[in-house]
Each structure stands twice: as C-alpha cells, then as structure tokens.
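S.K.: 3D, please:
(one chain, ligands or ions: 1)
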Amino acid sequence: MAKNEDPLKRIIAHAKEYGFVFPSSEIYDGLSATYDYGQMGAELKNNIKQYWWTAMVKMNENIVGLDAAIFMHPTTWKASGHVDAFNDPLIDNKDSKKRYRADVLIEDYIAKIEGKIAKDVAKGLKRFGDAFNEEEFRATNPNVLRNVDKINAINDRFKKALNDDDLADVKSLIEDLGIACPVSGSKNWTDVRQFNLMFSTELGSTADGASTVYLRPETAQGIFVNFLNVQKTGRMKIPFGIAQIGKAFRNEIIARQFIFRMREFEQMEMQFFVKPGTELEWYEHWKKFRINWHKALNLGDDNYRFHDHLKMAHYANAAADIEFKFPMGFKELEGVHSRTDFDLKAHEEFSGKKLQYFDAAENTSYVPYVVETSIGLDRMFLAVFSSSLKEEELKDGSTRLVLTLPPSLSPVKAAILPLTKKDGLPEKAREIFANLKYDFNIQYDEKDSIGKRYRRQDAIGTPFSITVDHQSLEDNTVTIRDRDTMEQERVEIDRLYSIIEERVSYRTVLKKLES
Ligand code: GAP
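M.R.: Numbers count the residues shown, from 1 in each chain. Predicted coordinates for the structure are as follows:
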C-alpha cells in the first residue's frame with residue numbers, strides 16, 4: 001500500500017470486486033452511507049449472524065430469540081428517552097461549511113496524542129531491545145506521562161461539559177485545543193448544538209390522519225416492550241435473556257468509513273434481565289463472554305481492547321465498548337451496558353401497564369435490571385473482512401490476495417473444479433457438487449486455468465478447492481487444496497464431507513467459549 005493511502009480503499013475495492021459490498025443504488029451514483037451486500041457479502045453476513053445466534057441463543061438455555069417490528073408505537077421513543085436525549089453534539093466550521101460531531105473532533109485529537117505515546121514506546125523498544133520493559137517505560141517516561149496527563153485532562157473536562165449539558169464549554173475546549181477543520185484548516189467554529197438522530201415518517205394514508213412514527217434507532221426497545229410476553233409465554237425465570245437481530249436506523253451526521261457508520265444498519269442485541277443488585281456481576285460476566293466470543297475467531301487477540309464509557313448513556317450505570325483495531329485504528333465494535341431498570345420503569349410509567357417479574361421463591365414482584373450486549377453486524381463484517389484480507393508473497397516471487405476468513409464464516413466452503421472441461425471430468429465434479437450441496441455452500445467452476453481458479457477462491461476466502469482430474473475417474477479420489485497452506489492432498493471422495501465439516505463447523509470455535 002502506498003504511503004498516505006487510505007487504508008480502507010483497498011478493502012472497499014476488494015469488497016466490491018468480489019461481490020461482498022456494493023454502494024447502494026450505484027447506477028444513480030449511490031446514496032451516502034448506505035450499502036448493499038452482494039452475493040458473497042450476504043453469505044458472510046448470514047454466517048456471522050449464525051455464529052452470534054448459536055453462541056447467544058442456542059448455547060444458553062436461559063436466552064430466547066425475538067423478531068420485533070421495526071415500527072413501534074411512537075410513545076416507545078418518548079419513554080426510552082430517544083426523543084429528548086438521542087442527540088449528537090454538532091459543530092460547523094464557518095469557512096468550509098463542513099459539519100462535525102464535536103465529540104469526534106475531540107476523540108481524533110486524543111488519538112493523535114495516543115499516536116505520540118506509541119511513537120515514544122516504539123523508540124524505547126528500538127533503543128533497549130530485549131531489555132525493554134514497556135510497562136515500566138509507560139510508568140516513568142516523562143514524555144509519556146505528560147501526554148497521558150494531557151489526555152486525562154481533556155477527557156475529564158469533556159465528560160464534565162457533556163454531563164452538565166454545557167455545550168459552550170465543549171466549544172471552548174475545541175478552541176482551547178486549537179482544533180482546526182480537517183478540510184479548511186480554519187478554527188472559525190459555530191456554537192455546538194444538539195441534533196436528534198432518529199428518522200421519522202408518517203403512518204397512515206392521508207396526511208391528516210397520519211401520525212409520526214420513527215424508524216427504530218436500536219432493536220433493544222422491541223425487546224423491552226415484549227419483556228412480559230416472552231417471560232410469561234416462555235415461563236422464563238430470572239436471570240434470563242432475549243436476543244434479537246434486526247435493522248436499526250440513525251441519521252448520522254458524519255457517516256463515513258465505509259460500512260463502519262451507516263444510516264441503515266443491523267444490530268445483534270441481547271437484553272439480560274436480572275435481579276436488582278446483581279447487575280454488575282452479570283455485567284462482568286457478559287463482558288467476558290463477549291470478548292471470548294470475538295477472540296475465538298482467531299482474528300488476533302491484540303486487535304481487541306475494552307474502553308470504559310466516559311459519558312454514560314442516559315440509561316446506564318456501567319458501560320464499556322469492545323474496540324477493534326480497524327484499518328483506521330481502534331474503534332467501537334460492540335457495547336456492553338448495564339441499563340439498570342431505566343427502560344422497563346419508563347415503559348411502565350408511559351404505558352400505565354405493570355412490567356414486573358413475580359419471583360415465586362421470594363414471593364415478591366420487582367422490575368428487573370438489564371444488562372445488554374449490543375453489536376453492529378456491519379461493523380463485525382468490517383472487522384472480519386478487513387483483518388482477513390492479506391497480500392502474500394509466494395516462494396516463486398509472485399503475490400496472491402487471500403481472504404483468510406475464519407472457515408466457519410467463509411461464504412463458500414469448497415469449490416469443485418474439474419481440471420479440464422472434457423473427458424467426463426465436469427460430470428464427475430457435478431456429481432460431487434450434488435452430494436455436498438445440502439450441507440455446504442459449494443461453488444462449481446470450470447472456467448480458466450486451475451491456477452486462476454485457485455486465486456479466485458483465495459480472494460473470496462474459500463477454505464478448500466477440490467480438483468477433479470483423470471485419476472478421479474479411475475479411483476474415486478480428488479485433490480483437496482488448503483487455502484492457507486496452499487498444500488494439496490489426495491483424498492477419497494467419500495471423505496470430503498467429514499474433512500470439510502471438521503474445518504468449517506461452528507462447533508470447533510464455539511467449544512472454546514465453554515472452556
Ligand atoms: N442498544 C444499545 C445501542 O444501540 P450503541 O452503542 O449506540 O448502543 C450498539 O450501538 C452497536 O451498534 C455499536 O457498538 C455499533 O457496533 C453498532 N452501530 C451503532 N451505530 C451504527 C452505525 N451508524 N452504523 C453501523 N453500526 C452502528
């Protein structure tokens with residue numbers, strides 16, 4: 001990659017070239033921050049959903065699923081606080097006329113200081129080599145300490161300003177830090193103001209009779225309003241969880257960085273209902289479970305870190321992000337939130353209906369507390385896709401682009417490739433295809449040289465390429481090529497199912513969550 005090239009550029013290009021992600025309505029020049037998943041993307045997305053659903057719903061006896069409507073009664077959003085408090089602090093640059101999220105400008109500024117710290121650490125490592133003790137260096141190096149203090153001071157002031165709703169001080173902070181507009185370089189800023197992120201539309205056929213409804217900005221509220229329906233019909237006992245995968249919509253101001261921040265996206269959320277007073281224990285439990293879920297995919301343990309929230313959402317008493325090292329740096333991938341009884345209590349108040357759990361053992365009723373895990377499916381897609389795309393130099397000096405996706409998530413599990421288009425090889429290959437198609441997503445490909453076909457499969461992350469040659473007709477064997485090692489082995493056709501199954505099954509990955 002050329003220096004200064006946007007690290008996402010190659011990923012976006014690859015995603016498009018191989019049918020993973022297309023700009024939405026591209027023939028009309030696209031719609032900003034909206035994307036379509038192509039033939040490969042749809043498969044990868046479904047596989048991520050399955051990995052999540054299996055880990056959360058199938059593997060936990062006390063978690064069940066739900067599929068609530070996107071439209072909800074408008075009072076839902078009044079009760080949840082989204083009408084009044086689901087805002088981003090915005091600031092405009094008067095010269096470039098560009099609009100920014102004030103918190104993002106400040107976060108970017110902090111990221112630059114973190115970059116300086118990383119540089120100092122790298123210098124220390126270079127200087128001291130094997131004798132380098134990073135922990136000690138961070139605790140004693142004057143430059144590092146000064147920069148850490150600086151970050152803490154900015155965070156403290158920003159947190160206070162937001163908690164006090166003191167938008168004038170957020171502006172002053174931006175000015176005091178000397179933050180300039182990335183486009184114009186100007187420091188000529190407007191005041192900071194709040195902007196609500198919910199999309200609204202009209203329900204009803206005539207404007208007169210219409211009422212305003214919102215496109216849900218999170219799937220969680222569909223779970224809260226169904227809490228008692230599920231608890232009673234499912235005879236669920238606390239603690240228990242309700243999980244849901246579905247679309248959410250936010251009118252993001254700066255929707256950028258490909259599928260990282262979109263206006264229409266998908267969430268995988270789970271609300272875990274617990275006895276009041278036990279929520280922080282469960283909060284720790286779910287933080288651990290979720291980070292293990294991520295790490296089990298082997299995308300690299302160093303790619304994850306926790307980030308505790310500075311400013312709690314209006315409903316939370318503890319909250320942390322699981323951040324992932326995306327091509328543009330560490331960013332939020334998932335949130336784990338201890339939401340207290342805020343939502344259920346608010347829905348009780350606004351609906352006038354009781355939303356309480358009757359604890360038969362203790363003969364009392366209470367409004368449960370909730371611990372939530374919330375991950376963006378599209379962000380998970382970007383995490384998996386971007387960390388898997390590699391350009392490898394081969395022994396013969398050539399290079400290959402390979403998508404080393406976790407095999408359980410690969411869109412295509414195996415490609416069946418007849419060596420030539422004649423001599424009965426396509427027929428034999430089709431026979432194998434017909435046998436495996438019920439269990440795996442398989443591709444049949446007879447076009448181009450075998451080398452080119454291998455490269456195509458590498459580029460979409462297919463773990464196995466199965467070549468049918470003349471020997472196959474004689475002894476019912478094929479060669480099976482491993483995507484990662486590129487090694488080939490001759491195996492009996494009867495063994496293909498078990499070889500593929502062992503490698504691509506979710507079981508191997510999910511078992512790690514139980515150890
Ligand atoms: N119910 C809690 C909730 O919605 P959040 O931190 O606002 O919490 C949860 O969102 C997750 O949804 C985020 O960690 C992120 O992965 C994903 N997400 C949020 N906004 C997004 C957007 N505009 N585009 C893509 N994913 C988004």
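
S.K.: OK, now which residue of the protein is nearest to the ligand?
M.R.: Gly376 (2.6 Å; Cβ to the nearest ligand atom). Heads up, the C-betas are built off the backbone N, CA and C, glycines and all.

S.K.: how about the residues of this protein by the ligand?
M.R.: By Cβ under 6 Å from any ligand atom, the residues of the chain that approach the ligand are 218, 220, 250, 252, 261-262, 265, 267, 269, 332-335, 372, 374-376, 378-379.

S.K.: taking those residues one by one, which sit in strands?
M.R.: Among the residues of the chain next to the ligand, the residues falling in strands (DSSP state E) are 265, 267, 269, 332-335, 372, 374-376.

S.K.: ok, so of those, who is nearest Ser408?
M.R.: Of all those, Ser408 sits closest to Ile375, with 17.0 Å by Cβ to Cβ.

S.K.: give the bridge partners for the residue lying closest to that closest one once chain neighbours are set aside, please.
M.R.: Using Cβ to Cβ, 6 or more residues apart in numbering and skipping residues adjacent in sequence, the residue nearest Ile375 is Glu334, 3.9 Å away. Counting by DSSP bridges, Glu334 is bridged to Ile322, Ile375.

S.K.: mind checking how far Glu334 is from Leu197?
M.R.: From Glu334 across to Leu197, the span is 19 Å (Cβ to Cβ, to the nearest Å).

S.K.: for Phe326, same thing?
M.R.: For Phe326, the distance to Leu197 equals 22 Å [Cβ to Cβ].

S.K.: between those two, which one's more packed in?
M.R.: The residue with more neighbours, out of Phe326 and Leu197, is Phe326; 22 against 16, by other Cβ atoms under 10 Å.

S.K.: for that one, list the residues it contacts.
M.R.: Taking Cβ atoms under 8 Å, 6 or more residues apart in numbering, we find Phe326 in contact with 257, 260, 382-383, 386.

S.K.: can I get these in TSV including pLDDT and neighbour count?
M.R.: TSV is the format used below for these (pLDDT from 0 to 100; neighbours: other Cβ atoms under 10 Å):
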residue	pLDDT	neighbour count
Gln257	90	18
Phe260	95	23
Leu382	98	24
Ala383	98	26
Ser386	97	24
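
S.K.: list the ones among these that fall in helices.
M.R.: Mapping the contacts of Phe326 onto helices (DSSP state H) picks out 382-383, 386.

S.K.: run a quick neighbour tally on Asp67.
M.R.: Asp67 sits with 9 neighbouring residues when counted by other Cβ under 10 Å.

S.K.: what pLDDT does it get?
M.R.: For Asp67, the pLDDT comes out at 98.

S.K.: any chance you could map the strands in the stretch 401-515 of the chain?
M.R.: Listed in chain order, the strands found in the stretch 401-515 of the chain under DSSP state E, counting those that start in this stretch are 414-418, 442-444, 464-468, 477-482, 488-492.

S.K.: most tightly surrounded among the ones you listed?
M.R.: Mean neighbour count (mean count of other Cβ atoms under 10 Å) peaks for strand 414-418 among the strands of the stretch 401-515 of the chain, with a mean of 26.

S.K.: could you give the angle of that strand to strand 464-468?
M.R.: Strand 414-418 runs at 20 degrees relative to strand 464-468, counting by axes from the mean of the first three to the mean of the last three Cα atoms, to 10 degrees.

S.K.: who does strand 414-418 pair up with?
M.R.: Looking at strand 414-418 with DSSP bridges, what it pairs with is strand 442-444 (parallel), strand 464-468 (parallel).

S.K.: got CSV for these, with mean pLDDT and distance to Asp84 too?
M.R.: Converted to CSV, those look like this (pLDDT from 0 to 100; distance: least, Cβ to Cβ, whole Å):
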stretch, mean pLDDT, distance to Asp84
strand 442-444, 97, 51
strand 464-468, 98, 54
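
S.K.: which ones are touching Asp92?
M.R.: Neighbour list for Asp92: 98-100, 189-190 [criterion: Cβ under 8 Å, 6+ apart].

S.K.: now, of those residues, which are buried?
M.R.: Buried subset of those (neighbour count, 16 or more other Cβ atoms under 10 Å): 100, 189.

S.K.: okay, and which of the contacts of Asp92 map to strands?
M.R.: Using DSSP E, the contacts of Asp92 in strands are 99-100.

S.K.: of the contacts of Asp92, closest to Ala79?
M.R.: Nearest to Ala79 among the contacts of Asp92, counting by Cβ to Cβ, is Arg99 at 29.7 Å.

S.K.: and the pLDDT for the nearest residue to the closest one once chain neighbours are set aside?
M.R.: If the residues on either side of it in the chain are set aside, Arg99 comes closest to Asp92, at 5.0 Å by Cβ to Cβ, 6+ apart. Listed pLDDT for Asp92 reads 95.

S.K.: surely Gly30 touches Pro23?
M.R.: Yes: if you go by Cβ atoms under 8 Å, Gly30 and Pro23 touch, sitting 3.7 Å apart.

S.K.: for the protein, longest helix please?
M.R.: Ranked by residue count under DSSP H, the longest helix found in the chain is helix 102-128.

S.K.: re earlier: need the strands of the stretch 401-515 of the chain in a markdown table with distance to Gly185, can you?
M.R.: Compiled in a markdown table, the strands of the stretch 401-515 of the chain are given as follows (distance: least, Cβ to Cβ, whole Å):
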| stretch | distance to Gly185 |
| --- | --- |
| strand 414-418 | 51 |
| strand 442-444 | 50 |
| strand 464-468 | 51 |
| strand 477-482 | 51 |
| strand 488-492 | 56 |
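
S.K.: select, out of the ones you listed, the one closest to Gly246.
M.R.: With respect to Gly246, and counting by Cβ to Cβ, the nearest of these is strand 442-444 at 29.4 Å.

S.K.: what about that closest one, distance to the chain center?
M.R.: Strand 442-444 sits 28 Å away from the centroid of its parent chain (Cα atoms, centre = their mean, to the nearest Å).

S.K.: contact partners of it?
M.R.: Contact partners of strand 442-444, identified using Cβ under 8 Å, 6+ apart, comprise 412-416, 429-430, 433, 436, 457, 462.

S.K.: still on that earlier bit, of Gly30 and Pro23, which one has the most company?
M.R.: Using other Cβ under 10 Å, the more surrounded residue of Gly30 and Pro23 is Pro23, with 18 against 14.
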